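**Q** Got a sequence here, can you model it:
(one chain, ligands or ions: 1)
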Amino acid sequence: MRPVVIALLFLLCAPALAETSLRIVAAETVYGDVAGQLAGPHAAVSSILSDPAQDPHLFEASPSVARQIADAAIVVLNGADYDPWMRRLLAGSARAANRQVVDAGELAGRRSGSNPHLWFDPAVMPVVARAVTASLTRADAENGADYATRLQAFMASLAPIDAHVAELRSRYAGLPVTATEPVFGLMAAALGLVVRNERFQLAVMNDTEPRPSDVAAFEADLRQHRVRALFYNSQASGAAARRMVALARANKVPVVGVAETKPAELTYQAWMLTQLDALDHVLAAP
Ligand SMILES: [Zn+2]
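**A** Coordinates of the predicted model:
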């Protein structure tokens, strides 16, 4: 190739390379999606937990994940003991210069041991978004104005979620529901639902055997129709949880599947609205 052609190619490619030199790694795809919306074309975003067929609580990171993290300028994680492997990798990895870490659990002031499915708490994502934008602006001040515009657009895009939550809360607050795991628990709390059998849910989430008395209480709730719906984790199907789903169906208690990992085809916002619609559909039934 002639030197002039090479020079031209370099000129054409250089801006594109510069645009994606900022790397963001998110532990979960829901945060990767939000970071991508906030960064726009200025960063390359990858998410580690993105397989809806996998149980995130049992995830173990591979060496390739460690390499990805070593290159990241910004790392976003759920924290709150949901992704302890991420903290281990951050502690152990070679550190990219000026790496910034956005930890949703830390930002939301959640202690370990509390419900770690923070993206279902509508109050958490705005706080995470502001922190991601602050990190982007520190890492790439030149595009600061664009990051500010993108944050504004992102915040505005949350309004339909907040409106839907308020609407469902006005209709359903106080209704008793139950779940095989606390996946949807923070959203259920935001809706004012009364979630029963929490000890059973924590045992299943932690992959331990629920106590016989907790199993009996759960079964009685389903058989005596003391709950309006059962949420089950569509990504984890331990024997104890599967039994409750079968018992709910046998007793005609509506079953709502809730996933931990955002489906690839939906944005965070669309995912939240889809789940709220599914719940509305079930609770509206007489
Ligand atoms: Zn979970």
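
**Q** Going along the chain, name the helices of the chain.
**A** 3-19, 29-39, 63-70, 84-92, 104-107, 124-139, 144-157, 159-172, 185-190, 198-205, 212-223, 239-250, 268-284 (DSSP state H).

**Q** what's the neighbour count on residue 130?
**A** 16 (other Cβ atoms under 10 Å). Any C-beta I mention is one placed from the backbone N, CA and C, and that applies to glycine too.

**Q** What sits closest to it if chain neighbours are left out?
**A** residue 151 (6.9 Å; Cβ to Cβ, 6 or more residues apart in numbering).

**Q** Pass me the low-pLDDT residue ranges in this protein, would you?
**A** Along the chain, segments meeting pLDDT under 70 span 1-20, 93-97.

**Q** Okay, domains of it per the record?
**A** 20-157, 160-284 (automatic domain parsing).

**Q** Quick one: end-to-end length of the shortest one, please.
**A** I take that to be domain 160-284. 19 Å (Cα to Cα, to the nearest Å).

**Q** Residue 26 is in contact with residue 72, correct?
**A** No - here residue 72 does not reach residue 26: they are 9.2 Å apart, not a contact under Cβ atoms under 8 Å.

**Q** Pull up the gap between the nearest residue to residue 274 once chain neighbours are set aside and residue 88, please.
**A** In space, and not counting its chain neighbours, residue 274 is closest to residue 266: 6.5 Å by Cβ to Cβ, 6+ apart. For residue 266, the distance to residue 88 (Cβ to Cβ, to the nearest Å) stands at 30 Å.

**Q** Compare these two and say which is more crowded by neighbours.
**A** residue 266 (15 against 12).

**Q** Quick check: phi and psi on that one?
**A** Here is the backbone geometry of residue 266 (degrees, to the nearest 10): phi -110, psi 140.

**Q** circling back to that earlier point, quick one: closest of the helices of the chain to residue 53.
**A** Closest approach to residue 53 among those (Cβ to Cβ): helix 29-39, 12.9 Å.

**Q** which strands and helices sit next to that closest one?
**A** strand 22-28, strand 43-49, strand 74-77, helix 124-139, helix 144-157, helix 268-284 (3 or more Cβ pairs under 8 Å, 6 or more residues apart in numbering; DSSP states H and E).
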